[in-house]
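# My questions concern the predicted model and sequence given below.
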Amino acid sequence: VRVARHVFACCQIGVERWLKAEVARTRPELRPAFARPGLVTWVSDHEVGADVSLGAVFARVWGASLGRASHADEAVALLGIQRGARLHVWPRDPDAEGAAAEALRVHAELAATGRFDDGAPQDGDLVADVIVAPGEPWVIGMHRHGPGRWPIAGGLPHVEVPATAPSRAYAKIEEAIAWAGLDVHAGEVAVELGSAPGGAALALARRGVMVWGADPGDMDAGVLAYQHPNGARVHHLQVTIGALRWEDLPPRVDWLLLDVHLAPQVALHAIQRFLPRLRPTLRAAVMTLKMNDDRIVTEIPALLERVRRLGFHEVRATHLPSNRQEICVVAR
Ligand SMILES: C[S@@+](CC[C@H](N)C(=O)[O-])C[C@H]1O[C@@H](n2cnc3c(N)ncnc32)[C@H](O)[C@@H]1O
């Protein structure tokens with residue numbers, strides 16, 4: 001495996017400033033280098049390898065940055081690999097005209113070298129990262145797959161959102177499930193705090209999960225009418241978290257979702273009282289925490305520590321493709 005002196009990270013276009021601020025805090029020895037919308041690099045005084053860690057929530061993919069290439073031969077030479085690495089090719093700006101087609105074309109060109117293994121990476125596998133944009137050389141990097149990392153190129157899953165979904169939260173929960181590898185099963189039970197109009201609730205009900213949503217707002221009529229063949233549907237408790245009573249919740253809850261328009265500290269405080277009751281059966285909580293200003297971004301480590309102190313032993317956070325001024329926290 002090649003060693004490098006550069007580190008790259010890809011993020012959603014528009015949050016580069018937050019990503020840089022995080023890395024300035026987590027890895028102060030890294031100095032900002034080349035950057036483009038959706039891609040930030042840093043230079044290190046020391047060698048960095050595929051195992052480089054950044055500890056930055058806004059980094060969707062990160063690794064050692066090996067250089068730029070315009071042909072498969074150059075890319076393979078930069079990667080310096082024999083066999084066995086997975087190949088991830090993705091567009092730096094997924095919404096740019098021609099970007100998706102360019103990624104497909106480059107993937108085909110590189111796959112034809114026969115140097116890469118197929119299939120999703122398993123923990124410990126090396127991943128060759130190739131970041132493309134029409135008219136630009138490819139940026140070549142490498143990382144090692146592991147917990148908290150996307151198994152999908154660029155952390156850009158394609159979620160099919162049905163026309164009946166009333167909000168982008170449908171895509172948010174599907175992305176969270178894919179990122180964290182949550183094994184959500186039909187027959188399980190979810191409670192969502194902040195459930196209206198019901199995008200996430202619909203996604204779970206379509207997976208056969210019975211959903212109880214608490215929200216003072218109205219749920220979409222189509223979501224409330226939906227019924228899965230196994231009987232799963234969405235129940236609406238039209239109350240705020242503060243007014244929700246333990247007795248209103250089903251006896252067994254497997255998944256807890258939190259997606260309220262409240263400051264993160266307020267939202268976390270609000271769920272605290274339910275956790276003793278949920279703990280015996282809860283598998284994970286999936287929380288959307290609002291990042292309404294720059295200051296709250298500096299508070300992410302403290303927020304995650306706060307989540308741990310709620311009694312979760314594994315807490316990970318990311319910025320999902322469908323997240324805007326918010327992050328997704330999965331706590332097990
Ligand atoms: C981003 S939306 C939720 C989207 C929803 N998860 C979906 O899948 O469509 C935020 C929701 O938080 C709700 N909300 C705000 N304060 C709340 C509170 N104290 N308790 C419960 N819900 C609250 C709002 O009514 C709003 O519907």
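Sure, I can see it.
# hey, let's count contacts and neighbours off CA atoms from now on
OK.
# the strands in the stretch 1-150 of the chain, which residues?
4-10, 31-36, 39-48, 61-69, 85-91, 116-117, 126-132, 138-144 (DSSP state E, counting those that start in this stretch).
# Sheet-wise, list the partners of the shortest one with their directions.
Right, the one you point to is strand 116-117. Each strand that pairs with strand 116-117, with its direction, by DSSP bridges: strand 85-91 (parallel).
# what does the partner strand contact?
Outside of strand 85-91, the residues within contact range by CA atoms under 8 Å, 6 or more residues apart in numbering are 99-100, 102-104, 106-107, 111, 115-121, 125-133, 152-154.
# try 6 Å
The contact list for strand 85-91 (CA atoms under 6 Å, 6 or more residues apart in numbering) reads 99, 103, 107, 116-117, 126-133, 153-154.
# any chance of the strands of the stretch 1-150 of the chain in JSON lines, with distance to Pro216 and mean neighbour count too?
Formatted as JSON lines, those follow (distance: least, CA to CA, whole Å; neighbours: other CA atoms under 10 Å):
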{"stretch": "strand 4-10", "distance to Pro216": "37", "mean neighbour count": "24"}
{"stretch": "strand 31-36", "distance to Pro216": "42", "mean neighbour count": "14"}
{"stretch": "strand 39-48", "distance to Pro216": "40", "mean neighbour count": "18"}
{"stretch": "strand 61-69", "distance to Pro216": "37", "mean neighbour count": "24"}
{"stretch": "strand 85-91", "distance to Pro216": "40", "mean neighbour count": "24"}
{"stretch": "strand 116-117", "distance to Pro216": "50", "mean neighbour count": "17"}
{"stretch": "strand 126-132", "distance to Pro216": "43", "mean neighbour count": "25"}
{"stretch": "strand 138-144", "distance to Pro216": "44", "mean neighbour count": "26"}
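# Skip the chain neighbours and tell me the closest residue to Trp179.
Computed as CA to CA, 6 or more residues apart in numbering, the closest residue to Trp179 that is not its neighbour in sequence is Trp150, at 5.3 Å.
# before we move on, the earlier item: could you dump the strands of the stretch 1-150 of the chain to CSV with distance to Gln325 and mean pLDDT?
Output for the strands of the stretch 1-150 of the chain, formatted as CSV (distance: least, CA to CA, whole Å; pLDDT from 0 to 100):
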stretch, distance to Gln325, mean pLDDT
strand 4-10, 17, 95
strand 31-36, 20, 96
strand 39-48, 18, 96
strand 61-69, 19, 97
strand 85-91, 22, 97
strand 116-117, 36, 94
strand 126-132, 24, 97
strand 138-144, 27, 97
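# Just put those strands in JSON lines and tack on distance to the ligand.
Formatted as JSON lines, the strands of the stretch 1-150 of the chain follow (distance: least, CA to the nearest ligand atom, whole Å):
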{"stretch": "strand 4-10", "distance to the ligand": "25"}
{"stretch": "strand 31-36", "distance to the ligand": "30"}
{"stretch": "strand 39-48", "distance to the ligand": "27"}
{"stretch": "strand 61-69", "distance to the ligand": "25"}
{"stretch": "strand 85-91", "distance to the ligand": "28"}
{"stretch": "strand 116-117", "distance to the ligand": "37"}
{"stretch": "strand 126-132", "distance to the ligand": "31"}
{"stretch": "strand 138-144", "distance to the ligand": "33"}
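# could you redo these as CSV and give each row distance to Gly181?
Below are the strands of the stretch 1-150 of the chain laid out as CSV (distance: least, CA to CA, whole Å):
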stretch, distance to Gly181
strand 4-10, 21
strand 31-36, 30
strand 39-48, 25
strand 61-69, 16
strand 85-91, 18
strand 116-117, 21
strand 126-132, 18
strand 138-144, 17
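# Would you mind naming what in the chain lies close to the ligand?
Within the chain, the positions near the ligand by CA under 6 Å from any ligand atom are 167, 169-170, 193-201, 214-217, 240-241, 259-262.
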